[in-house]
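# from the sequence below, what's the structure:
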Amino acid sequence: MNRLILAAAAAAFTALATPLAAAPLPEAKPDEVGFSQAGLARMDDFFTREIAAKRVPGAVVAIARDGKLVHYKAYGQLDPVKGTPMPLDAIFALASMTKPMAAVAGLTLMEQGRLPLQAKLADYYPAFADMKVGVTQEAGSLLLAPQIRPILIHDLYRHTSGLMYGGRPDSSSQVARLYPDGTAPAIEGDTQAFIERITKLPLAHQPGTQFEYGFSIDVLGAVVEKVAEQRLGEYLANNVWKPLGMVDATFAPTDAQRPRLARPFPNDPLTGKPQAIKLLDTPLKSDCGGACAFATIGDYVRFGQMLLNGGELDGARILSPKTVHHMTSNHLGPEIKNTVANVEPHRAGFGFGLSVAVRVSEGLSAVPGNPGEFSWNGAYGTQFFCDPKERLVVVVGTAAPGDLRKYYREQVQDIVYGAMVK
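Sure thing, here's the model as predicted:
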């Protein structure tokens, strides 16, 4: 019996003594970089309430200012069915937070003179030249019209290609019912199969005329593969992830990583309907640049800090400061219909850069911030935003694939800015 007690005590000590995940950035006390400790404690209170109410299984939150972490915490559970505690190094399915990383891959090629913004998409995949534009007639029929001008690489970055996602509630286009959902092509086939499938569909708009959220960055990822002559994940690993020390970033979690995958509740807390993150248990046949990557919050805060630093982190330069400035500037001119706020309601006052939303106005938005803030989120419950004026990077991971994720995005940003005292 004594041996059993000693063995149990030793095991408990070992568990307690196991080191936590290394901090992805240097750490600082809140008051050293203009935050209130009491204000940041509201983040603890918020997620404690949400987890107790069984609205979200758990979360990991990273907040950095001046390149230093002031808040890096895990809350709740990694797997609500198994009851596994949430570790700091939990791995999240990033969904559309894959897009900025794929865009950075494209921009590295632009800096090399291999992928200019004004290049025609059809120069890389000729079938895009033959795509028609779906125009809904008064009687409800769909007229197929020729493209007035070709799709440019620029259009892919800023979602003005006319490509879209199937089934999005923010689109009224009849064309939407013809498109697959965001991850279906990567699950079902390789990159070439995706291109063949997507080019048989009509465009929702004339190229260069309207922001329409969809497969644009997936196609950009396919272009990166063609130019770089390697899979997108391989190119990102060699040119972004490994140089930045993003050790868990991947399109294909290994057997060793899989126990750290964050999982949602089996049922949506708001509707009671079954929900799942399909990519957690379904292997991919291609590296979809729009929705299919995985990473820890620590990985992504390093990516965000690199962008905030103007393309460099810890001696690893990924992009030029001038390229990052161009990426995070608004690219929706007055001739382009701006429907960014249709994707998420707190995006009023935002334009769109090269794969990131960009705040262009004071006020208007439901969340605090400054013009120049850039951000994007993931449909499975992840978010990140960078505020250059405040030298701020915030990354949040939850496994919340329902509409509740939009509530968390707004609440987190309110709490972060509410905790800033200078």
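
# in this structure, where is pLDDT below threshold?
Scanning the chain for pLDDT under 70 picks out 1-21, 168-172.

# list the beta-bridge partners for Trp376.
On the basis of DSSP bridges, Trp376 takes part in beta bridges with Phe384.

# show the contacting residues for it.
Neighbour list for Trp376: Ser96, Met97, Lys99, Pro100, Ser355, Val356, Ala357, Gln383, Phe384 [criterion: CB atoms under 8 Å, 6 or more residues apart in numbering]. No exception for glycine: its C-beta is placed from N, CA and C like everyone else's.

# next up, phi/psi of the fifth one, please.
With angles defined as degrees, to the nearest 10, Ser355 sits at phi 90, psi 0.

# hang on, isn't Ala23 packed against His71?
No: contact criterion CB atoms under 8 Å: Ala23 and His71 do not qualify, at 11.2 Å.

# quick one: which of those two has more around it?
His71 (21 against 15; other CB atoms under 10 Å).

# ok, that one to Leu270 distance?
Using CB to CB, to the nearest Å, His71 is found at 27 Å from Leu270.

# and Phe128, which of the three is it?
Secondary structure for Phe128, judged by DSSP: H, G, I helix; E, B strand; the rest coil, is helix.

# with Gly134 instead?
Relying on three-state DSSP, one would call Gly134 strand.

# wait, what's in contact with it?
Leu142, Leu143, Leu144, Ser173, Gln174, Val175, Leu178, Pro202, Leu203, Ala204.

# what number of residues lie near Tyr75?
20.

# then the strand or helix carrying it to CSV, C-alphas only?
Using DSSP states H and E, Tyr75 maps to strand 68-79. Included here for strand 68-79 are C-alpha records, laid out as CSV according to Å, rounded to 0.1, in the frame of the first residue of the first chain:
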residue,chain,number,x,y,z
LYS,A,68,6.6,41.1,-25.2
LEU,A,69,3.9,38.8,-23.9
VAL,A,70,1.7,40.2,-21.2
HIS,A,71,-0.9,37.5,-21.2
TYR,A,72,-0.4,33.9,-22.3
LYS,A,73,-2.9,31.5,-20.8
ALA,A,74,-4.9,28.3,-21.4
TYR,A,75,-8.4,27.9,-20.2
GLY,A,76,-10.8,24.9,-19.9
GLN,A,77,-10.5,21.8,-21.9
LEU,A,78,-8.8,20.6,-25.1
ASP,A,79,-11.2,17.8,-25.6
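
# buried set for that strand?
Neighbour-count burial for strand 68-79 flags Lys68, Leu69, Val70, His71, Tyr72, Lys73, Ala74, Tyr75, Gly76, Gln77, Leu78, Asp79 (criterion: 16 or more other CB atoms under 10 Å).

# I'd assumed Glu27 was in contact with the first one.
Yes: under the criterion of CB under 8 Å, Lys68 is in contact with Glu27, at a separation of 6.2 Å.

# just the contacts of Gly134: which are in strands?
Leu142, Leu143, Leu144 (DSSP state E).

# look up the closest residue to the last one, ignoring the ones flanking it.
The shortest distance from Leu144 to any non-neighbouring residue, by CB to CB, 6 or more residues apart in numbering, is to Lys132 (3.8 Å).

# and what of the second one?
Closest residue in space to Leu143, ignoring its immediate chain neighbours: Val135 at 4.5 Å, by CB to CB, 6+ apart.

# that neighbour reaches Gln147, doesn't it?
No: here Val135 lies out of contact with Gln147, judged by CB under 8 Å, at a distance of 11.9 Å.

# no further questions, thank you.
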